[in-house]
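Q: Predicted coordinates and the sequence they were generated for:
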Amino acid sequence: MRTRYPAARVRDAALYVHDGRVSTSAGVSSGIDLALSLVEREHGPKLAAAVARELVLYLRRDGDTAQISPFLRYRDHLQPAVHRVQDHLAQHLDAPHTLAELATVAHLSPRGLTRAFTTATGITPLAYQRQLRLEMAHTLLAETNLTVEAVAARCGLRDARQLRRLFTDAFGAPPSRIRTRLRPVG
């Protein structure tokens with residue numbers, strides 16, 4: 001784009017950009033995020049969240065968010081057993097999972113699952129589950145009025161204290177600060 005349009009100001013690593021009446025996206029998937037941001041800008045975050053849920057999207061990312069959500073990251077492999085576990089974790093975030101249970105879903109031994117999962121994704125099943133839970137918590141904090149305790153429960157965490165600790169470690173701020181920063185004014 002820089003070569004073809006040298007006068008354009010190109011922002012690296014942005015999903016989408018609004019510049020006055022012109023909005024652009026990095027690609028097709030980020031175009032969905034762009035469309036949701038326009039819905040949010042014109043009609044508010046509740047409608048944008050409802051549209052995202054209808055489209056079965058986990059999160060409307062803001063323009064500066066990493067390009068790939070944890071719900072999609074680590075899925076570029078050809079290991080059906082690992083995909084089964086990833087699907088199971090994403091569909092049952094609020095439930096506790098043991099390695100033995102996940103191994104059963106994958107039709108592998110616990111050790112075999114850990115090896116296959118780490119080889120395919122570069123992270124352990126526990127780390128993957130934690131990333132999914134933290135992204136869901138981030139979304140719920142931004143889009144609902146649920147208490148931190150209720151968000152923790154919906155994300156499969158023991159309590160609000162565990163959510164606060166994991167959230168602060170991952171995002172550098174407690175859930176209350178993130179919620180304040182993400183909530184629209186008024």
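A: Looks like it arrived, so ask away.
Q: This protein: helices as residue ranges?
A: Here the chain has its helices, by DSSP state H, at 28-43, 45-54, 80-91, 99-106, 110-121, 125-143, 148-154, 160-171, 175-182.
Q: P6: which of those helices is closest?
A: Ranking those by proximity to P6 (Cβ to Cβ) places helix 28-43 first, at 23.0 Å. C-beta coordinates here come from the backbone N, C-alpha and C atoms, glycine included.
Q: what helices or strands is that closest one leaning on?
A: Packing partners of helix 28-43 (3 or more Cβ pairs under 8 Å, 6 or more residues apart in numbering; DSSP states H and E): strand 16-19, strand 22-25, helix 45-54.
Q: from the helices of the chain, which stretch is densest packed?
A: Ranked by mean neighbour count under mean count of other Cβ atoms under 10 Å, those are led by helix 125-143, which reaches a mean of 21.
Q: re earlier: worst average pLDDT in the helices of the chain?
A: Across these, the stretch with the lowest average pLDDT is helix 45-54; it has a mean of 68.
Q: Any figure for the gap between L113 and A7?
A: 53 Å (Cβ to Cβ, to the nearest Å).
Q: same deal with A48?
A: According to Cβ to Cβ, A48 stands 32 Å off from A7.
Q: and if you look at V28?
A: V28 sits 25 Å away from A7, going by Cβ to Cβ.
Q: do P125 as well
A: Counting by Cβ to Cβ - P125 and A7 are separated by 48 Å.
Q: do D19 as well
A: Applying Cβ to Cβ to D19 and A7 gives a distance of 13 Å.
Q: Have a look at those two and say which one is more surrounded.
A: Taking other Cβ atoms under 10 Å, D19 and A7 do not tie; D19 has more neighbours (10 against 5).
Q: What does the pLDDT read for that one?
A: In this prediction, D19 carries a pLDDT score of 82.
Q: what bridges to it?
A: D19 has the following beta-bridge partners by DSSP bridges: V22.
Q: Report the backbone C-alpha coordinates of stretch 107-117 in CSV.
A: Extracted in CSV, the C-alpha atoms of stretch 107-117 (Å, rounded to 0.1, in the frame of the first residue of the first chain):
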residue,chain,number,x,y,z
HIS,A,107,-8.6,-39.7,22.4
LEU,A,108,-5.0,-39.5,23.7
SER,A,109,-3.2,-40.2,27.0
PRO,A,110,-2.6,-37.1,29.1
ARG,A,111,1.0,-37.2,28.2
GLY,A,112,0.3,-37.7,24.6
LEU,A,113,-2.2,-34.7,24.6
THR,A,114,0.4,-32.4,26.2
ARG,A,115,3.0,-33.4,23.7
ALA,A,116,0.6,-33.1,20.7
PHE,A,117,-0.9,-29.8,21.9
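Q: Hmm, A81 is touching A106, no?
A: Yes. Between A81 and A106 a contact is recorded at 4.0 Å, counting by Cβ atoms under 8 Å.
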